[in-house]
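In: coordinates only, sequence not included:
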């Protein structure tokens with residue numbers, strides 16, 4: 001068929017007015033013109049200013065509400081409340097995709113093994129050093145939990161340590177991707193502890209060993225020992241993966257639903 005005929009025969013999607021309105025409001029939120037907690041004008045004011053009907057406006061609101069960008073209190077006289085784009089919402093959806101693809105726990109932890117040694121290498125160089133304050137804060141709080149005998153709370157903070165390590169690079173894209181992985185890993189680790197309960201003595205010993213390892217990698221990074229830091233952290237992750245993705249666990253499909 002001639003090119004011209006093919007082009008003419010293809011359907012052209014014409015956006016609905018509600019989609020155009022949603023695009024306009026979404027752009028204001030993403031650009032920061034509307035921020036977390038701001039309130040949109042009342043429906044009547046928006047209808048007048050945009051020249052649209054109430055059903056069109058409410059359809060636009062439904063689109064934005066489904067994306068987590070606004071929340072609408074039905075019957076309220078005030079406008080819809082604005083929310084910034086949420087990492088948690090995207091992480092949840094990414095989890096749905098990974099679970100639907102049959103992604104295993106072993107796969108999830110291999111992804112972490114591919115990311116974090118490179119992060120440690122970055123931080124241990126002159127280019128990356130100097131952004132360790134957040135990591136020190138997390139390690140300090142973890143040590144306080146151990147001293148207070150709060151070992152379950154310590155394990156809950158393991159995710160915070162991994163997050164602070166990656167976010168210390170200042171690389172937003174990498175930090176964002178890592179947050180999605182950590183959200184799924186944290187869900188698995190909570191389930192793992194319920195399936196494999198341990199004595200207080202065991203949890204105390206493993207928590208102190210974990211803290212010692214965190215303190216060591218921080219020290220190696222700050223000393224600029226690039227290869228030593230990378231080698232230590234790769235060993236730490238391999239040991240951790242041997243636990244979290246052990247026989248019977250690594251073959252489990254990631255869980256995204258609560």
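Out: Yep, that arrived. None of these values were measured; they are calculated from a predicted model. Residues are numbered from 1 along each chain as shown.
In: I figured residue 211 was touching residue 142, is that so?
Out: Yes - counting by CB atoms under 8 Å, a contact exists between residue 211 and residue 142, whose distance comes to 5.8 Å. C-betas here are computed from N, CA, C, even on glycine.
In: and for those two, which residues touch both?
Out: When contacts are counted by CB atoms under 8 Å, 6 or more residues apart in numbering, the set common to residue 211 and residue 142 consists of residue 154.
In: Same drill for those two, tell me which one is more crowded.
Out: With neighbours defined as other CB atoms under 10 Å, residue 211 and residue 142 compare such that residue 142 has more, 24 against 17.
In: quick one: contacts for the more buried one?
Out: Residue 142 makes contacts with 154, 157, 161, 211, 214, as judged by CB under 8 Å, 6+ apart.
In: just the helices in the stretch 51-200 of the chain please.
Out: Under the criterion DSSP state H, counting those that start in this stretch, the stretch 51-200 of the chain carries helices at the ranges 54-66, 87-100, 105-124, 133-147, 151-156, 158-167, 172-195, 200-222.
In: Return the angle between stretch directions for the third one and helix 133-147.
Out: What it means is helix 105-124. Compare the direction of helix 105-124 with that of helix 133-147 by axes from the mean of the first three to the mean of the last three CA atoms, to 10 degrees and you get 120 degrees.
In: picking that back up, of all the helices of the stretch 51-200 of the chain, which one comes closest to residue 15?
Out: When these are ranked by distance to residue 15, counting by CB to CB, first place goes to helix 54-66 at 11.2 Å.
In: Who are the packing partners of the closest one?
Out: For helix 54-66, the elements it packs on are helix 17-30, helix 43-50, strand 70-71, judged by 3 or more CB pairs under 8 Å, 6 or more residues apart in numbering; DSSP states H and E.
In: Which residues does the last one contact?
Out: Think strand 70-71. Outside of strand 70-71, the residues within contact range by CB under 8 Å, 6+ apart are 25, 40, 61, 64, 65, 80, 81, 82, 83.
In: Write the ChimeraX selection for whichever of those are buried.
Out: Buried members of those can be picked out in ChimeraX with the line below, counting by 16 or more other CB atoms under 10 Å:
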select :25,40,61,64,65,80,82,83
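In: For the contacts of strand 70-71, give me TSV that also has distance to residue 13 and pLDDT.
Out: Written out in TSV, the entries for the contacts of strand 70-71 read as follows (distance: CB to CB, whole Å; pLDDT from 0 to 100):
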residue	distance to residue 13	pLDDT
25	20	95
40	27	94
61	21	95
64	20	95
65	22	93
80	26	92
81	31	94
82	28	95
83	28	94
